[in-house]
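Chemist: curious how this folds, go ahead:
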Amino acid sequence: MTHRAILITGASSGIGRALALEYAAPGVTLHLVGRDAARLEETAAAARAKGAQAQAHRLDVRDRAGLGAALAAIDAQTPLDLVVANAGVTTGLPAGALAEDPEAVRGIIAINLLGALNTIEPMIEPFCARGRGVLALTGSLAALRGLPYSPAYCATKAAVHLYAESLRGKLRQRGVKVSLIVPGFVHTPLNADLVSLKPLAMSDARAARIIRRGLDRGRPTIVFPRLLYWGIRLLTVLPAGLVDYFMVRQHVDVPVTREREALDR
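Modeler: Numbers count the residues shown, from 1 in each chain. Now for the predicted structure:
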């Protein structure tokens, strides 16, 4: 399937930016959503240089009413055929900490989970009315097994996985596909300060190529890298106590996000 009208949240950097540039080509209209106006415009300019029509929209996915109104206006202007709910942040436990910052926890829930809902919900009815299109959500391999150094991040991504899986069957009956993107470690600003082993990490450009191939083929789940996926799946069937024993002995330092639940004003 060739996507010609695409909206991507979190498009100012990382996977979102790489995916926008992967799709950028003559005849493609890109609507790029993010909060950093300067970086967002840089992405849009790079997409235009590749021949795409690209518009930057400075929006906060935590703002349900504002985002919903903007999405309705964008879709009315250019009926979308692919929406990627990609905006996300990470947080966790710095070395030596026992519990996550409660404000940071609620901040990551507001962006990773509620932001995804705020992006997808307004598009369900228009996509179903047209009987076509793809709604995609970015999850994570971290959703497959709770990690002791990043509980809230794992929880938000696990919720995104179940939400996508729950939508998929019902919307498929109306001609709309739901795709869940499940990446491993990707070299992006999101995890640049993460102190940890990053097995099979790849560039954001390579990740974008994999994602595009899966989205263009309408795959329900786009998982990569496969070897790491199966390794994590193995952890889910081993005795929990044994896995916990080894996990808590790994040296991992996850920076605490500065994001909070309330909107920036």
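
Chemist: may I see the buried residues of the longest helix seen in the chain?
Modeler: The single longest helix within the chain, with elements called by DSSP state H, is helix 151-172. Within helix 151-172, the residues scored as buried using 16 or more other C-beta atoms under 10 Å are 151-161, 163-164, 167-168, 171. Where you see a C-beta, it was placed from the backbone N, CA and C, and this is true even at glycine.

Chemist: kindly report the same for stretch 30-45.
Modeler: Buried-residue list, stretch 30-45, by 16+ other C-beta under 10 Å: Leu30, His31, Leu32, Val33, Gly34, Arg35, Arg39, Leu40, Glu41, Thr43, Ala44.

Chemist: farthest pair in those?
Modeler: Leu30 and Arg35 (17.2 Å; C-beta to C-beta).

Chemist: how about the strands in the stretch 151-265 of the chain?
Modeler: Using DSSP state E, counting those that start in this stretch, the strands of the stretch 151-265 of the chain run over residues 177-183, 186-187, 202-203, 221-224.

Chemist: within the sheet, what are the partner strands of the second one, with directions?
Modeler: Which is strand 186-187. strand 202-203 (parallel) (DSSP bridges).

Chemist: contact partners of stretch 221-233?
Modeler: Residues outside stretch 221-233 that contact it (C-beta atoms under 8 Å, 6 or more residues apart in numbering): 141, 144-145, 179-185, 199-200, 202, 207, 210-211, 214-215.

Chemist: pull the CA atoms of it into PDB?
Modeler: C-alpha atoms of stretch 221-233 as PDB (Å, rounded to 0.1, in the frame of the first residue of the first chain):
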ATOM      1  CA  THR A 221       3.000  -6.100  14.400                       C
ATOM      2  CA  ILE A 222       6.400  -4.700  13.300                       C
ATOM      3  CA  VAL A 223       9.000  -6.200  15.600                       C
ATOM      4  CA  PHE A 224      12.700  -5.600  15.400                       C
ATOM      5  CA  PRO A 225      15.400  -6.800  16.000                       C
ATOM      6  CA  ARG A 226      13.900 -10.300  15.900                       C
ATOM      7  CA  LEU A 227      16.800 -11.900  17.900                       C
ATOM      8  CA  LEU A 228      16.300  -9.500  20.800                       C
ATOM      9  CA  TYR A 229      12.600 -10.100  20.700                       C
ATOM     10  CA  TRP A 230      13.000 -13.800  21.100                       C
ATOM     11  CA  GLY A 231      15.500 -13.300  23.800                       C
ATOM     12  CA  ILE A 232      13.000 -11.200  25.800                       C
ATOM     13  CA  ARG A 233      10.300 -13.700  25.100                       C
END
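
Chemist: mind checking how far that stretch is from the chain centre?
Modeler: 16 Å (C-alpha atoms, centre = their mean, to the nearest Å).

Chemist: residue numbering should commence at 28 henceforth.
Modeler: Renumbered: residue one is now 28, and that last one reads stretch 248-260.

Chemist: Ala52: what's it in contact with?
Modeler: Lys77, Gly78, Ala79.

Chemist: what's the spacing between the closest residue in space to the last one that isn't next to it in sequence and Ala83?
Modeler: Read it as Ala79. Spatial nearest neighbour of Ala79, chain neighbours left out: Ala51 (3.9 Å); criterion: C-beta to C-beta, 6 or more residues apart in numbering. As for Ala51, its distance to Ala83 is 13 Å (criterion: C-beta to C-beta, to the nearest Å).
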